[in-house]
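**Q** sequence? don't have it. structure:
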């Protein structure tokens, strides 16, 4: 049987020096942000904040300077992510482009496509990801959206769902089929490609909101009806979409966002328990803290592997699966320890943050890959299937 290895990340004193700088910045920028707003985690949207992150050089940190980057290490980037998430900063607008779209363009994009990178690093160009589809969910090998080859480009027809921030983004990385209609039955992972879609200047695209239980608008349904994409929109080689996506998901599934989505509730729980918690409260907080420390260690290990140019897709899947379990456990534990009615409009910070987290927690095991899909990947990595 194969085994996962999570080697310790290399020492990075620069990262710890940077941590203090980031904390000082956040202390000022988030001074007026309420706890329930901080609980949004990485779904909070603020264009001015994203631009300030870009001005500080904290977007596109590992990219070459010629493309707007700053040539810093993956571990320095990890520190920035960890601090902004723990503080509840509104990073949603630049988040996806920095985390996965930019690195993908940098790796397989044309020189013309790479001209988008400086705008991403400045916190001014936002991307969304067109992967999930109706009746398909996280089983990306079953996608049915098709880009049919025509003179000078492709005609795209199909529907994407749960597309985070499509209504605020200028561009989408679209994952769809480009092979012949019957090819998918013979090879589920073949005949798929990715495109850069200009959402503002491509006729035939309709973006419809999908509201969360809280009424918030993060998700969208994106419908393509004979939308024409020029040949220059193709990202990498035609038919290489599956290889691109699997490497891209290592960035999406391994970061601190995979175990810090409920962190603000843990902060409010500690405050509510006070300096002299009950035995049950002390045990619960100690256990959750130990879990988060362990997940942080695994996640930082993946960052170290990414820094070495490796593709830790299997390890990233494990981090994401375990992280979602803890994120969903925190609100269940919190409500058993504190007698407070969940109410997002409450003036009591714990009650407001508890309500917000409870309504979002069911999605934590879906976004970035459903639990069943992740465990299938992990099982294959262990040689169990």
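**A** In hand now; what should we look at? All values reported here derive from a predicted model rather than from experimental measurement.
**Q** name the element the residue nearest to residue 262 when sequence neighbours are not counted belongs to?
**A** Distances taken as CB to CB, 6 or more residues apart in numbering put residue 330 closest to residue 262, at 4.0 Å, once the chain neighbours are dropped. Using the backbone N, CA and C atoms, a C-beta is placed for each residue, glycine as well. Using DSSP states H and E, residue 330 maps to helix 313-337.
**Q** buried residues in that helix, which are they?
**A** 313-324, 326-331, 333-335, 337 (16 or more other CB atoms under 10 Å).
**Q** outline the domain layout of this protein.
**A** Listed domain ranges for the chain are 13-126, 128-242, 243-381 (source: automatic domain parsing).
**Q** quick check, residue 168 in contact with residue 46.
**A** No. Contact criterion CB atoms under 8 Å: residue 168 and residue 46 do not qualify, at 10.9 Å.
**Q** quick one on the thing from earlier: out of the domains of the chain, nearest to residue 5?
**A** Nearest to residue 5 among those is domain 243-381 (8.1 Å), distances taken as CB to CB.
**Q** what's the span of that closest one, first residue to last?
**A** The straight-line separation of the ends of domain 243-381 (CA to CA, to the nearest Å) is 16 Å.
**Q** could you shift the numbering so residue one becomes 32, and keep it that way?
**A** Taking 32 as the first residue, the last one we looked at is domain 274-412.
**Q** how far off centre is that domain?
**A** Distance of domain 274-412 from the chain centroid (CA atoms, centre = their mean, to the nearest Å) equals 13 Å.
**Q** again, but for stretch 124-132
**A** 8 Å.
**Q** what does it contact?
**A** Residues from elsewhere that reach stretch 124-132, judged by CB atoms under 8 Å, 6 or more residues apart in numbering: 73, 76-78, 81, 84-85, 90-91, 151-152, 154, 156-160, 195-196, 199-200, 202, 204, 279-280, 282-283, 286.
**Q** pLDDT below threshold where in the stretch 232-381 of the chain?
**A** Within the stretch 232-381 of the chain, the stretches with pLDDT under 70 are 279-285.
**Q** can you pull out the helices in it?
**A** For the stretch 232-381 of the chain, the helices defined by DSSP state H, counting those that start in this stretch cover 272-285, 294-304, 310-338, 344-368, 380-391.
**Q** so of these, which one's packed in deepest?
**A** With neighbours defined as mean count of other CB atoms under 10 Å, the helices of the stretch 232-381 of the chain peak in mean count at helix 380-391, which reaches a mean of 24.
**Q** next secondary structure after that one?
**A** Next element after helix 380-391 (DSSP H and E): helix 402-412.
**Q** for that following helix, buried residues please.
**A** Under the neighbour-count criterion of 16+ other CB under 10 Å, helix 402-412 has 404, 405, 406, 407, 408, 409, 412 buried.
**Q** go on, stretch 134-145?
**A** 134, 135, 136, 137, 139, 140, 144, 145.
**Q** surely the first one is within a helix?
**A** Yes. Secondary structure assignment places residue 134 in a helix (DSSP: H, G, I helix; E, B strand; the rest coil).
**Q** would you mind measuring from it to residue 89?
**A** 15 Å (CB to CB, to the nearest Å).
**Q** now do the helix or strand where residue 56 lies and helix 310-338, the angle between them.
**A** Using DSSP H and E, residue 56 sits within helix 44-60. Helix 44-60 runs at 120 degrees relative to helix 310-338, counting by axes from the mean of the first three to the mean of the last three CA atoms, to 10 degrees.
**Q** output the longest strand belonging to the chain.
**A** strand 248-261 (DSSP state E).
**Q** contact partners for residue 287?
**A** So residue 287 contacts 109, 112, 113, 116, 117, 327, 330 (CB under 8 Å, 6+ apart).
**Q** looking at the residues you listed, which has the most residues close by?
**A** residue 330 (29 neighbours; other CB atoms under 10 Å).
**Q** which residue packs closest to that residue, ignoring adjacent ones?
**A** residue 350 (5.3 Å).
**Q** can you check residue 375 too?
**A** Nearest non-adjacent residue to residue 375, counting by CB to CB, 6+ apart: residue 386, 4.1 Å away.
**Q** any idea how far the closest residue to residue 336 other than its chain neighbours lies from residue 297?
**A** What sits nearest to residue 336 in space, not counting adjacent residues and going by CB to CB, 6+ apart, is residue 343, at 4.3 Å. In this view, residue 343 and residue 297 are 27 Å apart by CB to CB.
**Q** now the residue of the chain most remote from its centre. Its backbone dihedrals?
**A** What lies farthest from the middle of the chain is residue 307; by CA atoms, centre = their mean that is 36.6 Å. Per-residue torsions, residue 307: phi -130, psi 70 (degrees, to the nearest 10).
**Q** alright, calling it a day.
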